[in-house]
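Asker: Can you look at this prediction? I've put the sequence above it.
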Amino acid sequence: MTCFPTEKRDGTIIITLTNGERNTLHADLLEEGAAALQTLAANPPEAGIVLTGAGAHFTCGMDTKVAASLDKAGQKRAVAAINEFAAALHRLPCAVVCAVNGNAIGAGGIMMLACDWVLAAQGDYKIGLPEAKAGLPFPAVPQAILDHWLDPVWRRRLALSSHLLNPAEALTAGLADELCMADQLVDEAVLRVKALNAQPGFAACKRQLRAKANAEIDDILGS
């Protein structure tokens, strides 16, 4: 069973991260996700992509119990999988809207930054980058995404303090672009991604905007 089931809605592909109650991540899941995103990149949907999570969480990040059990080879594979997944998400040529339905912790925050627009549901949940607290420093590609897409002051605050934000605070920090009612989240995300992708120059502008970051990511993965 896939952890990234998709639904096609009027030309938009909706991807729903689905892995247990907390939608935690591990190497197998990330490798599957990277492959799925690379396939979509080769044949982009005509009305863009919406990425969301199943249930009450977007993703609570890496499965810390699995991470703690890894030997050196497993740790190396996990880092490579994180890098490949983040790179594949960042490189998608079409419009990508992140529909944050609940807690977006660690890798969840990176996924938000890798998308073109972030819609966050109103609610009582947390968004942040607590890698320092978890003892899991940022791999190279997520760090590059942080460097390019999060304001330096907020990058310092969040990365070093592990402080978690509510949705309204995430909007202020630049981790989210809009808030909406939870029961309208995916519908609103579909409308937003269609509007973005329908612009005649969207793909070219996105390519220009991401050129430096993608070149840096290419260097990281080529090393």
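Answerer: Nice, I can see it. Keep in mind that what you see is a predicted model, and the values were worked out from it rather than measured.

Asker: Let me see the ranges of the strands in the chain.
Answerer: Counting by DSSP state E, the chain has strands at residues 6-9, 12-17, 49-53, 57-59, 96-100, 103-105, 117-121, 127-128, 164-165, 178-180.

Asker: Centroid-nearest residue for the chain?
Answerer: When the chain is reduced to its mean C-alpha position, the nearest residue by C-alpha atoms, centre = their mean turns out to be M111, at 1.4 Å.

Asker: Going by neighbour count, which residues in the helix or strand of the chain with the lowest mean pLDDT are buried?
Answerer: For the chain, the helix or strand with the lowest mean confidence is helix 64-68, at a mean of 86 (criterion: mean pLDDT, DSSP states H and E). Of the residues in helix 64-68, those with enough neighbours to count as buried (16 or more other C-beta atoms under 10 Å) are 66-67. For glycine as for every other residue, the C-beta is placed from the backbone atoms N, C-alpha and C.

Asker: Then stretch 107-122?
Answerer: Buried-residue list, stretch 107-122, by 16+ other C-beta under 10 Å: 107-121.

Asker: how close does L29 get to F85?
Answerer: As for L29, its distance to F85 is 9 Å (criterion: C-beta to C-beta, to the nearest Å).

Asker: ok, I217 touching H90?
Answerer: Yes - using C-beta atoms under 8 Å as the test, I217 is close enough to H90 to be in contact (6.5 Å).

Asker: who touches both of these two?
Answerer: Residues touching both I217 and H90 (C-beta atoms under 8 Å, 6 or more residues apart in numbering) are V141.

Asker: related to what we said a few turns ago, quick one, what contacts the residue nearest to the centre of the chain?
Answerer: Contacts here follow C-beta under 8 Å, 6+ apart; on that basis M111 touches 51, 58-59, 86, 89, 98, 104.

Asker: Where does pLDDT dip in the chain?
Answerer: When residues are selected by pLDDT under 70, those of the chain lie in 223.

Asker: what are the ranges of the helices in the protein?
Answerer: Per DSSP state H, the chain has helices spanning 27-42, 64-68, 72-91, 107-114, 131-134, 140-149, 152-161, 167-173, 185-198, 202-222. These are given in chain order.

Asker: Output the contacting helices and strands for the last one.
Answerer: Under the contact definition 3 or more C-beta pairs under 8 Å, 6 or more residues apart in numbering; DSSP states H and E, helix 202-222 sits against helix 72-91, helix 140-149.

Asker: Export only the CA atoms of the least confident helix or strand of the chain, formatted as CSV.
Answerer: What follows is helix 64-68 as a C-alpha-only set of coordinates in CSV (Å, rounded to 0.1, in the frame of the first residue of the first chain):
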residue,chain,number,x,y,z
THR,A,64,12.6,9.0,16.0
LYS,A,65,12.3,5.4,17.2
VAL,A,66,13.3,4.1,13.8
ALA,A,67,16.1,6.7,13.5
ALA,A,68,17.5,5.7,16.9
